[in-house]
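A.B. asks: give me the fold of what follows.
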Amino acid sequence: MASLSLRIAQIRSAQAVINLGRRRARSGDTAGAVEAFQTAAASGDTRGSVPAALHLWILRSGVGDSQAADEAYRLGVDLWAQMHGEDKAVAERSLGFGSYIAGYQREFVRPARQAFQRSIDSGDPESVPLAAMGLAGLEMQDLEETYGFADASADTGAIPRSLRRAIDSGHPDYVAVAARWLAFDSGQTGDVDTARIALRAAMDSGTSEDACSAASRVGTLFKREGHTAEAIIALRFVVENSQTERVTGAAEDLGELLAAQGDTEGARTAYQLVLDRTSFPYVIDRVRSAIDRL
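C.D. replies: Numbering: from 1, shown residues only. The predicted structure follows:
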């Protein structure tokens, strides 16, 4: 049966229950704090349930209860997704929850980073990629909050390290999503070596749209940096596997690269695919002009 203080706090708000849990935690009453945080998390109050799960996760992790900490983190991820109407794969939800911590729960950045690292260090095949994606999301948002995207003094190395941990886990629910975000990060930083890792991981993961998105991003980077052969591989992967509008951009870039190499038929095929898939007059005119120059 809930204590009188907990029942009184429940009448007020989920935040009141969280505050009670925090007081209990500070006084060393871990069991009482857990009770309060669990009650707030189950309250249905969207403004309080997510922070309550976050408090519960940090508390469980701090006392070394890894299984309960993992359960609390997953609860937080799911509650955050419900609050935002996010119906995405678990990898995306975890990354989004990490970003939420850095963006809206700044007091938890350090303990959350430590809790993520404990999960990664556990070696558990389910916990490692989940935590790695959460840590990547936290690092991305933390860099933006602290430095802004364009600040050259920011240490951006933590982001690819976390994403590569998710990739290295080999978990089918995480690899392609992590590769897509690693491709995005490499495109932002111009890191061709990291882009190669992202492309290899994406292509090895299968032919999902996440994999195609990664290939599209790194293909653009390779093309810009003059790595023509690798750009062709990446863009051809997109053209052959994506079912979205990104095919037209990839096909046009592919046609341009093949034409520059003297592969007239290959370029013509790529350009024709653009004409077959687009309805934008300016794209059609541009591609027809390119075909006329072959």
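
A.B. asks: residues near residue 200, how many?
C.D. replies: Residues within reach of residue 200, counting by other Cβ atoms under 10 Å, total 14. Any C-beta I mention is one placed from the backbone N, CA and C, and that applies to glycine too.

A.B. asks: residue numbering should commence at 13 henceforth.
C.D. replies: Sure, I'll start counting at 13 from here, so that last one is residue 212.

A.B. asks: spatially central residue in the chain, please.
C.D. replies: In the chain, the C-alpha nearest the mean C-alpha coordinate belongs to residue 107, at 4.2 Å (Cα atoms, centre = their mean).

A.B. asks: against which helices or strands is the helix or strand hosting it packed?
C.D. replies: Using DSSP states H and E, residue 107 falls within helix 102-116. Packing partners of helix 102-116 (3 or more Cβ pairs under 8 Å, 6 or more residues apart in numbering; DSSP states H and E): helix 78-96, helix 121-134, helix 139-158, helix 187-201.

A.B. asks: out of those, the one nearest residue 273 is which?
C.D. replies: The closest of those to residue 273 is helix 187-201. By Cβ to Cβ, the value is 23.3 Å.

A.B. asks: I'd like the next helix or strand past the closest one.
C.D. replies: In N-to-C order, the element after helix 187-201 by DSSP H and E is helix 204-217.

A.B. asks: centre of the chain versus the next helix or strand after that following helix, how much separation?
C.D. replies: As assigned by DSSP H and E, the chain's next helix or strand after helix 204-217 is helix 221-237. Using Cα atoms, centre = their mean, to the nearest Å, the distance from the centre of helix 221-237 to the centre of the chain it belongs to is 16 Å.

A.B. asks: now helix 221-237 and helix 204-217, what's the angle there?
C.D. replies: Helix 221-237 and helix 204-217 are oriented at 150 degrees to each other (axes from the mean of the first three to the mean of the last three Cα atoms, to 10 degrees).

A.B. asks: after helix 221-237, which helix or strand is next? Please name it.
C.D. replies: Scanning forward in sequence from helix 221-237 by DSSP H and E, the next helix or strand is helix 240-253.

A.B. asks: mind listing what's buried in that following helix?
C.D. replies: Going by neighbour count (16 or more other Cβ atoms under 10 Å), the buried part of helix 240-253 is 242, 243, 244, 245, 246, 247, 248, 249, 250, 251, 253.

A.B. asks: buried residues in whichever helix or strand comes after that helix, which are they?
C.D. replies: Toward the C-terminus, helix 240-253 is succeeded by helix 258-272 as the next helix or strand (DSSP H and E). Neighbour-count burial for helix 258-272, with 16+ other Cβ under 10 Å as criterion, is recorded at 258-271.

A.B. asks: mind putting those into a markdown table with distance to residue 143 and pLDDT?
C.D. replies: Formatted as a markdown table, those follow (distance: Cβ to Cβ, whole Å; pLDDT from 0 to 100):
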| residue | distance to residue 143 | pLDDT |
| --- | --- | --- |
| 258 | 30 | 95 |
| 259 | 34 | 96 |
| 260 | 37 | 96 |
| 261 | 34 | 96 |
| 262 | 33 | 97 |
| 263 | 38 | 97 |
| 264 | 39 | 97 |
| 265 | 36 | 97 |
| 266 | 37 | 98 |
| 267 | 42 | 97 |
| 268 | 41 | 97 |
| 269 | 39 | 98 |
| 270 | 42 | 97 |
| 271 | 46 | 97 |
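
A.B. asks: farthest-separated two in those residues?
C.D. replies: Farthest-apart pair in the buried residues of helix 258-272 is 258 and 271; separation 20.3 Å (Cβ to Cβ).

A.B. asks: is it true that the residue nearest to the centre of the chain touches residue 148?
C.D. replies: Yes - counting by Cβ atoms under 8 Å, residue 107 sits close enough to residue 148 to count as a contact (5.9 Å).

A.B. asks: common neighbours of these two, please.
C.D. replies: Between them, residue 107 and residue 148 share these contacting residues under Cβ atoms under 8 Å, 6 or more residues apart in numbering: residue 193.

A.B. asks: and the helix holding residue 107, how far out from the chain's middle?
C.D. replies: Distance of helix 102-116 from its chain centroid, counting by Cα atoms, centre = their mean, is 8 Å.

A.B. asks: what sits against the closest residue in space to residue 72 that isn't next to it in sequence?
C.D. replies: If the residues on either side of it in the chain are set aside, residue 72 comes closest to residue 81, at 3.8 Å by Cβ to Cβ, 6 or more residues apart in numbering. Applying Cβ under 8 Å, 6+ apart to residue 81 gives the contacts 69, 72, 73, 127, 130, 131.
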